[in-house]
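Q: Mind folding the following:
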Amino acid sequence: MATTRTANAHWEGALLDGSGTVSLDSSGIGSYPVSWPSRAEAANGKTSPEELIAAAHSTCYSMALSHGLAGAGTPPTTVDTKADVTFQPGEGITGIHLTVRASIPGITAEAFAAAAEDAKKNCPVSQALAGTTITLDAKLV
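A: All right, here's what the predicted structure looks like:
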């Protein structure tokens, strides 16, 4: 069964001196301020499209890896994923680096590496961002 999730952005003013909000409407968990400086300089308590992509990618990756591992008979105890999305003004998103640390009883290093790469390739967010270079640093803990 397909699902649709909704977020809305409201912007006022020009790009460089304007500001806005993004609301996470499907969950209703909140609205968050956004601005050009929060995107291209320091966050200063505001979010950015890249931070929201990082949140989506780290979550999707963790879920995909957990699913793949469980399907292979080695369910994880924990999976912690950090996504660093790099934004270069004038160029756009120039790369995404995933750092994953996982505790998985009974798995070999080779099986973990294969599962980690498979999750990077096949999580739906990775697939949606296929035009971007995605790198991975995966280690067992």
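Q: going forward, measure contacts between C-alpha atoms and count neighbours the same way
A: Fine.
Q: which other residues reach the longest helix seen in the chain?
A: In the chain, assigned by DSSP state H, the helix with the most residues is helix 49-71. Taking Cα atoms under 8 Å, 6 or more residues apart in numbering as the criterion, the residues outside helix 49-71 that touch it are 39, 75-76, 79-87, 93, 98, 115-116, 118-120, 122-126.
Q: Give me the next element, helix or strand, following it.
A: Toward the C-terminal end, the helix or strand that comes next after helix 49-71 (DSSP states H and E) is strand 78-88.
Q: hang on, the earlier thing: just the C-alpha atoms of the longest helix of the chain, please, in CSV.
A: This file holds the C-alpha atoms of helix 49-71, laid out as CSV (Å, rounded to 0.1, in the frame of the first residue of the first chain):
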residue,chain,number,x,y,z
PRO,A,49,16.8,21.5,2.9
GLU,A,50,20.1,19.7,3.2
GLU,A,51,19.6,19.0,6.9
LEU,A,52,16.1,17.6,6.1
ILE,A,53,17.7,15.4,3.4
ALA,A,54,20.3,14.2,5.9
ALA,A,55,17.6,13.3,8.4
ALA,A,56,15.6,11.4,5.7
HIS,A,57,18.7,9.6,4.4
SER,A,58,20.2,8.5,7.7
THR,A,59,16.8,7.1,8.8
CYS,A,60,16.1,5.4,5.5
TYR,A,61,19.5,3.8,5.4
SER,A,62,19.3,2.5,9.0
MET,A,63,15.9,1.0,8.2
ALA,A,64,17.2,-0.6,5.0
LEU,A,65,20.3,-2.0,6.6
SER,A,66,18.3,-3.4,9.6
HIS,A,67,15.8,-5.0,7.2
GLY,A,68,18.5,-6.6,5.0
LEU,A,69,20.4,-7.9,8.1
ALA,A,70,17.3,-9.4,9.6
GLY,A,71,16.4,-11.1,6.3
